[in-house]
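Engineer: this is a predicted model, with the sequence first.
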Amino acid sequence: MVNTTQVLMFTLSAYLDTGVLKYLYFLWILSLYVFIVCANVLLVVVICVNRSLHEPMYLFLVSLFVNELYGSTGLFPFLLVQILSDIHTVSAPFCFLQIFCVYTYGSVEFINLAVMSYDRYLAICYPLQYNTRMTSSKVAVLIALTWLYPFIGVGVTISLSSPLQLCGNIIKTVYCDNYAIVKLACSDTRVNNIFGLSYTSLVVFVPLSLILYTYMRILKVCFSGSKQTRQKAVSTCTPHLASLINFSFGTLFQILHSRFDMSSVPIMLRNILSLYFLTCQPLFNPLMYGLQMTKIRSLCKNLICGC
């Protein structure tokens, strides 16, 4: 049994001894990280420097791309160090810092996608009133709330987890996870569980309910509207819907991995599934929006070619 005051380091037990293959994995992860950073930075620069893109839809996209950079930076450098390391340990303060980054990334992602669906709902269902309903001040407030609420909520979550009395220091994942630490606790964790479930409901189920409602209204307008309205809805909603499905898919894997016994699943597959929402979403979003949205695609070509 490990005393609370002695838990200064956590051991990540999900890493495999891959021998010389670790250098191949290192190069593959590094290439993926470099591509994610370049793609998301490119789109942020394109939107910021072109005044024609200073519209609510594109400003919410900037918030989304910045979050992809934030989330991937909270994981990839740590992952690269651990791949090359022979002893997979992490200090307790850094572990909680990574938990803060990963959890705020996931929360911001869901809320940002909900805000974007609300924006598309106003643009398609109330096109004549859009500019009066989605003002610049309202955009600023929505973006601020998208980031502020997760930072406060996750901060409270960590403040409840860090004082727990732990009976061990082995985490069965490849990165720090709050629920994995809570499961190590010898003390009462009812407050942690209640707050965790409440916070998860607010940042997952409430945004999903809002997205479901907005898409039901958008579909209703599309079926009763003109061909031009349907084309506008398809062109602007397809990337958003694809992004939502991809992120929900990855989040579901992470919930299953952390909450249920997955020992029957090969450890390599468990690791890949647990990393899905942290690696594929930052890669998926810039590709989806960059390729699907004609205005962004053409401006990216002009910027890259120096035209």
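Structural biologist: Sure thing, it's come through. Just so we're clear, the structure is a prediction, and the values are computed from it rather than from any experiment.
Engineer: next, the closest residue to L299 other than its chain neighbours: secondary structure please.
Structural biologist: With sequence-adjacent residues excluded and distances taken as CB to CB, 6 or more residues apart in numbering, L299 is closest to V46, at 5.0 Å. The C-beta positions use only the backbone N, C-alpha and C, and glycine is treated the same way. Under DSSP: H, G, I helix; E, B strand; the rest coil, V46 falls in the helix class.
Engineer: so what pLDDT did V46 get?
Structural biologist: As predicted, V46 sits at a pLDDT of 86.
Engineer: could you pull out the strands in this protein for me?
Structural biologist: 9-12, 89-91, 170-171 (DSSP state E).
Engineer: for T73, which residues are in contact?
Structural biologist: By CB atoms under 8 Å, 6 or more residues apart in numbering, the contact set of T73 is 37, 101.
Engineer: what about I152, neighbour count?
Structural biologist: For I152, the count of nearby residues is 11 (other CB atoms under 10 Å).
Engineer: pick out the residue nearest the middle of the chain.
Structural biologist: With distances taken as CA atoms, centre = their mean, G106 lies nearest the centre of the chain, 3.7 Å away.
Engineer: distance check, the nearest residue to T214 once chain neighbours are set aside against F260.
Structural biologist: Leaving out its chain neighbours, the residue that sits closest to T214 by CB to CB, 6+ apart is Y121, at 3.8 Å. In this view, Y121 and F260 are 35 Å apart by CB to CB, to the nearest Å.
Engineer: can you list the weak-confidence ranges in the stretch 1-150 of the chain?
Structural biologist: Residues of the stretch 1-150 of the chain that meet the criterion pLDDT under 70 lie in 1-6.
Engineer: returning to that earlier point: quick check: the residue nearest to L299 touching R297?
Structural biologist: No. V46 is not in contact with R297 according to CB atoms under 8 Å; the separation is 9.7 Å.
Engineer: look at those two and report which has more neighbours.
Structural biologist: A count of neighbours by other CB under 10 Å puts V46 above the other of V46 and R297, at 24 against 14.
Engineer: CA atoms only: put stretch 86-104 into PDB for me.
Structural biologist: C-alpha atoms of stretch 86-104 as PDB (Å, rounded to 0.1, in the frame of the first residue of the first chain):
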ATOM      1  CA  ASP A  86      12.500   2.900 -20.900                       C
ATOM      2  CA  ILE A  87      10.900   3.900 -17.600                       C
ATOM      3  CA  HIS A  88       7.300   5.200 -18.200                       C
ATOM      4  CA  THR A  89       6.900   7.500 -15.200                       C
ATOM      5  CA  VAL A  90       5.400  11.000 -14.800                       C
ATOM      6  CA  SER A  91       5.500  13.300 -11.800                       C
ATOM      7  CA  ALA A  92       2.200  13.900 -10.100                       C
ATOM      8  CA  PRO A  93       2.000  17.700 -10.800                       C
ATOM      9  CA  PHE A  94       2.700  17.100 -14.500                       C
ATOM     10  CA  CYS A  95       0.100  14.300 -14.600                       C
ATOM     11  CA  PHE A  96      -2.600  16.600 -13.300                       C
ATOM     12  CA  LEU A  97      -1.500  19.300 -15.800                       C
ATOM     13  CA  GLN A  98      -1.900  16.800 -18.600                       C
ATOM     14  CA  ILE A  99      -5.300  15.800 -17.300                       C
ATOM     15  CA  PHE A 100      -6.300  19.500 -17.300                       C
ATOM     16  CA  CYS A 101      -5.200  19.900 -20.900                       C
ATOM     17  CA  VAL A 102      -6.900  16.700 -22.200                       C
ATOM     18  CA  TYR A 103     -10.100  17.300 -20.300                       C
ATOM     19  CA  THR A 104     -10.500  20.900 -21.300                       C
END
